[in-house]
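In: sequence unknown, structure follows:
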């Protein structure tokens, strides 16, 4: 996924008068532009995927707030935006796949306990960026590092 693809899709959405897609893509491109300005450089694919994932997560929080406030119109538009953004994300990792990648990262850095969690997460995050939630991965790493080691 790159910025040019998102911009081309935005142009298509504008031409076809697809307001939901147009709104979602504009917000993502705006977020990408902000990060580019911060870093003073163009972004690589994993970073762009991370931004898209952050936008999806933000909208999921909006859904919870809209449900509590009883705002059905906001709920419907936010769900539609999430559907649009998920098209640009890779398939999420299943629990088994994530566990396998976490175990490989633990082996790779030679982690032996919870004090090595930072090293494991540093090796793990580039592999799962955009495909799994960081908190879920962190919980899994913590669980594996604190449990007795297998033979």
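Out: Ah, there it is. The shown structure was predicted, so the numbers you read here are calculated from the model rather than taken from an experiment. Numbers count the residues shown, from 1 in each chain.
In: so, low pLDDT: which residues of this structure?
Out: 130, 148-151 (pLDDT under 70).
In: show me it divided up by domain.
Out: Following automatic domain parsing, the chain resolves into domains at 3-86, 95-146.
In: can you list contacts of the longest helix anywhere in the chain?
Out: Counting residues, the longest helix found in the chain (DSSP state H) is helix 45-69. Under the contact criterion CB atoms under 8 Å, 6 or more residues apart in numbering, helix 45-69 has outside partners 1-3, 6, 24, 27-28, 31-32, 35, 43, 72, 74-75, 78-79, 81-82, 85-86, 88-90, 126, 129-131. Placement of C-beta: from N, CA and C, glycine included.
In: next SSE downstream of it?
Out: On the C-terminal side of helix 45-69, the closest following helix or strand by DSSP states H and E is helix 72-86.
In: hmm, who's touching that next one?
Out: Residues contacting helix 72-86 (CB under 8 Å, 6+ apart): 20-21, 23-25, 27-28, 52, 55-56, 59-60, 62-63, 66-67.
In: could you give the angle of that helix to helix 45-69?
Out: Between helix 72-86 and helix 45-69, the angle comes out at 160 degrees (axes from the mean of the first three to the mean of the last three CA atoms, to 10 degrees).
In: where do the helices sit along the chain?
Out: Under DSSP H, the chain gives helices at 3-15, 19-39, 45-69, 72-86, 95-109, 117-128, 134-146.
In: and the shortest one, what's buried?
Out: Buried residues in helix 117-128, defined by neighbour count with 16 or more other CB atoms under 10 Å: 117, 120, 121, 123, 124, 125, 127, 128.
In: what's the neighbour count on the closest residue to the fifth one other than its chain neighbours?
Out: The shortest distance from residue 124 to any non-neighbouring residue, by CB to CB, 6 or more residues apart in numbering, is to residue 105 (4.2 Å). By other CB atoms under 10 Å, the residues close to residue 105 number 23.
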